[in-house]
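K.L.:
this one's sequence-less:
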């Protein structure tokens, strides 16, 4: 569920009309519902109440500090993939023992910072990474908790760009050779082997890939336990999908039921890294119609948001809902919804039956709370948009709109040019 609902003809976020926010901050902007974020975390956490577990929200899906603080207040930890995400986690007061560090390319500086912060564990993705973490930990006089990310070669049945558990993926270590790497890790003096990690992809809408992956990982865990490894954590990653259009993903309760059944008897603390399922439908992108252009081949609704603000439709061919902020008309039109960027790939929707928008109308691009602002850029020297959070009847500016001065911060014209 989410807290974006129509009251009469006006779209509201919780108790505030979206139109009112647009009048206050201008367009375009991202808008998040605090109540939805809190509800989604509470629902996910409650689904696993019967087993030892830790929810480590995947920061990459939406890294705004206000969003992160909302989740920390709800008891969550974080899954991080960079030194910058570690910095953000520290800024909102996350318990470092609730932080896991994923990603294939951790630098020595990032590893050192995470060790100094005393995070729970690293999800290690290669043999050389094992050795690097061991060396850096030794230099710091520390011992690093690690899990090896195993690649179970399970098809997650999702977009290839967000499929991470197949043999051809850059992620993880092939599960067939994982036991060998665990034995190697046990010989490295500055590592403590405490877990097994597996993440097969994002936006999964079926339970079977999760269950199939766990069946393979379970065999590895049991082998490690038989060899005397003190495995305490099983990190199952994230990936649970949301509804963008007509998808019917499992509910957190159904997901939990399947996961709990598949891991029964392992006596481990389960770690989850939900991202999109917590934030995706908790946010929208609000934009304004600049022009409506009726062409010979098709119609175009030209808005002031663009592919630099929301890149998923261009990058993945993804569907994002297009709704009118004020439903004053019941008419529709077949059109592309496009932005001002000088690229043919600059679109938010193509060949879509959309409301019969007119110049100046406000448009809500739905399900934009995940992988929206975090993937935005300054392409075409466009200022990145503000992020707004509504909490009840409060309008909270949680990131200011960038200025032209922000665009050139850090740049210099060298003397003599």
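P.N.:
Alright, I've got the coordinates. The shown structure was predicted, so the numbers you read here are calculated from the model rather than taken from an experiment.
K.L.:
Help me confirm that residue 353 is found in a strand?
P.N.:
Yes: membership of residue 353 in a strand is supported by DSSP: H, G, I helix; E, B strand; the rest coil.
K.L.:
and residue 322, how many neighbours?
P.N.:
Each residue near residue 322 was counted by other C-beta atoms under 10 Å, and the total is 21. C-beta: built from backbone N, CA, C; applies to glycine.
K.L.:
That one contacts residue 354, correct?
P.N.:
Yes: shown here, residue 322 and residue 354 form a contact pair, counting by C-beta atoms under 8 Å, at 4.9 Å.
K.L.:
okay, and the common contacts of these two?
P.N.:
Taking C-beta atoms under 8 Å, 6 or more residues apart in numbering as the criterion, residue 322 and residue 354 both touch residue 337.
K.L.:
In the sheet, which residues pair with the closest residue in space to residue 119 that isn't next to it in sequence? Tell me.
P.N.:
Excluding its sequence neighbours, the residue lying closest to residue 119 (C-beta to C-beta, 6 or more residues apart in numbering) is residue 99, at 4.2 Å. Beta-bridge pairing for residue 99 (DSSP bridges): residue 78.
K.L.:
so who does residue 99 touch?
P.N.:
Contacts of residue 99 by C-beta under 8 Å, 6+ apart are 56, 77-80, 86, 89, 114, 117, 119-120.
K.L.:
With pLDDT as added columns, please give those in a markdown table.
P.N.:
A markdown table is the format used below for those (pLDDT from 0 to 100):
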| residue | pLDDT |
| --- | --- |
| 56 | 98 |
| 77 | 98 |
| 78 | 98 |
| 79 | 98 |
| 80 | 98 |
| 86 | 98 |
| 89 | 98 |
| 114 | 98 |
| 117 | 98 |
| 119 | 98 |
| 120 | 98 |
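K.L.:
From these, pick the one nearest residue 349.
P.N.:
residue 79 (30.6 Å; C-beta to C-beta).
K.L.:
Pull the number of nearby residues for the residue nearest to that closest one when sequence neighbours are not counted.
P.N.:
Spatial nearest neighbour of residue 79, chain neighbours left out: residue 273 (3.9 Å); criterion: C-beta to C-beta, 6+ apart. A count of nearby residues for residue 273, using other C-beta under 10 Å, gives 26.
K.L.:
again with residue 262
P.N.:
Around residue 262 there are 18 residues (other C-beta under 10 Å).
K.L.:
Pretty sure it sits in a helix.
P.N.:
Yes: assessed by three-state DSSP, residue 262 belongs to a helix.
K.L.:
ok, and what's touching the lengthiest helix in the chain?
P.N.:
Longest helix in the chain by number of residues, with DSSP state H as the criterion: helix 208-226. Residues outside helix 208-226 that contact it (C-beta under 8 Å, 6+ apart) are 150, 152, 154-157, 165, 175, 178-179, 182, 196, 198, 200-201, 204, 231, 234, 236, 239, 255, 258-259, 262-263, 266, 268.
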